[in-house]
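1. turn this into a model:
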Amino acid sequence: MKVSLLYGRGKLEVDFGNLSVDVIEPKFLPGLADEKGAVLQALDHPIGARPLGEWLTPGARICILFTDLTRATPNERLIPWLLEYLRRHGVDNEQIVLVNQLGTHRQSAPEELSMMLTPAVVRDYHVVNHEPENPDALVQFGLTRRGVPALLNRHLAEADVRIVTGFIEPHLFAGFSGGVKGIIPGVAGLQTVMGNHGSHHISDPNATFGMTDGNPLWEELRDIALRVGDSFLLNVTLNDQRRITGVFAGHIIESHRTGCAFVRRSAMQAVTRRYDVVVTTNSGYPLDLNLYQAIKGASAAARIIKDGGTIILAAECCEGLPSGSSFEKLLRSASSPSQLLQLLKNSPIPFPDQWQAQIQALIQERAEILVYSSLSDADLRAAHLAPSRDIAADVRAIASRERSALRVAVLPQGPLTIPYLG
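-> Next up is the predicted model:
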């Protein structure tokens, strides 16, 4: 049996031979026939809010938040359509600032911004990268539940109209992407993100795929995001070709909740029992740019792996772990996943990017993780992971060691499909 895995900018063909394999994918949804029309319609007929045009007063300062290059949002279509809508309602270019939702990620280079937004948008509008460590670029909105300053981007804070864009997919510890995540962690201060993403939240059983209400991590994101005032949400859902399958605009909580229900119906798939091997991806480019992001794919697979099983993650990781990142330094600071968990448990303050490392280590308490990627074997072993150079051969080797028939599942689109026992 041959299966195509999303990998980098293309697909990786894996021939499993005569092995019995369960391929788990989201329900296919075709792209909307008129994407632009659907977006403009949603802006005029939003969920739980006034039409966007009614938010626009003469001279209003407008802040648009857009997702960075590690997200699959079709910014190159969505942002020009939104800007066209604003122009039709008499908004001048000089009234608008577009802020890159970097969270704790690296800054985007000018050429990357042009690629994401189109050269015309970068040329004609004020586009900036969020600065999570610059105190002058942040405004405090009280404290988090643990007493950490709740810091948000100054452009967002001082705007008269706030528009948060992005796309909705299941998220490994915030339930779903999109919604208030565009504000925090999207344009929050580093210490605020670290406080919210601390080990106390990451280890909570409700901080998982598909859960928002009742998830303490997401609920804190919600509470802080709402402190800045009303924000207009423009979120979309996508299929595996990055075509828009749904548009959810309006009140940042209500419209996001509607979008999450839409995604849950298509992306979450029930299985009857756990598997010995789960082969997964991180949905290809741009989501598998680095190992830090790719842990999401392993986390999706972990939901259906048996104790002592093997997860094989196919993620190109063309930007490395990334090299020199806090994530890499933290992984290298421990001799094993168990020591890493102990380090995080005993630390009085959170480490930058500790959440992905913690999730990786928690998975490794139950299962082995092999990674097929462009990373060197040395880099993978330094990250406490085993290299895979031939996925099919690795699965056959595991099968040869098993006394009973091997149960194998494949998630070709990684965390765009969230399997669960049901």
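2. right, and the helix or strand after the helix or strand where residue 393 lies?
-> Using DSSP states H and E, residue 393 sits within helix 391-401. Using DSSP H and E, the helix or strand that follows helix 391-401 in sequence is strand 408-411.
3. walk me through which strands the helix or strand just after that following strand pairs with, and which way each runs.
-> Counting by DSSP H and E, the next helix or strand C-terminal to strand 408-411 is strand 418-421. Sheet pairing for strand 418-421, assigned by DSSP bridges, gives strand 268-271 (parallel).
4. who touches the strand it pairs with?
-> With contact meaning Cβ atoms under 8 Å, 6 or more residues apart in numbering, strand 268-271 is reached by 22, 24-26, 170, 209-210, 304, 409, 417-422. (C-beta placed from N, C-alpha, C; glycine too.)
5. name the residues of stretch 119-138 that are buried.
-> 121-122, 125, 127, 129-132, 137-138 (16 or more other Cβ atoms under 10 Å).
6. where is the longest strand in the protein?
-> strand 305-314 (DSSP state E).
7. so how far is that one off the chain centroid?
-> Mean-position distance between strand 305-314 and its chain equals 21 Å (Cα atoms, centre = their mean, to the nearest Å).
8. in CSV, list the C-alpha atoms belonging to the helix or strand where residue 361 lies.
-> Element membership of residue 361 [criterion: DSSP H and E] is helix 354-364. Only the C-alpha atoms of helix 354-364 are listed here, as CSV (Å, rounded to 0.1, in the frame of the first residue of the first chain):
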residue,chain,number,x,y,z
GLN,A,354,9.7,25.1,27.0
TRP,A,355,6.2,24.1,26.0
GLN,A,356,7.2,22.2,22.8
ALA,A,357,10.1,20.5,24.6
GLN,A,358,7.8,19.5,27.5
ILE,A,359,5.2,18.0,25.1
GLN,A,360,7.9,16.1,23.3
ALA,A,361,9.3,14.7,26.5
LEU,A,362,5.8,13.8,27.8
ILE,A,363,5.2,11.8,24.6
GLN,A,364,8.5,10.1,25.0
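9. and the angle for that helix with strand 305-314?
-> 120 degrees (axes from the mean of the first three to the mean of the last three Cα atoms, to 10 degrees).
10. what is helix 354-364 packed up against?
-> Applying 3 or more Cβ pairs under 8 Å, 6 or more residues apart in numbering; DSSP states H and E, we find helix 354-364 packed against helix 199-202, helix 291-302, helix 326-332, helix 337-346.
11. out of these, nearest to residue 64?
-> For those, proximity to residue 64 was assessed by Cβ to Cβ; helix 291-302 is nearest, at 23.5 Å.
12. show me what the lowest-mean-pLDDT helix or strand in the chain is packed against.
-> Least confident helix or strand, the chain: helix 199-202 with a mean of 89, by mean pLDDT, DSSP states H and E. With contacts taken as 3+ Cβ pairs under 8 Å, 6+ apart, helix 199-202 sits against helix 216-227, helix 354-364.
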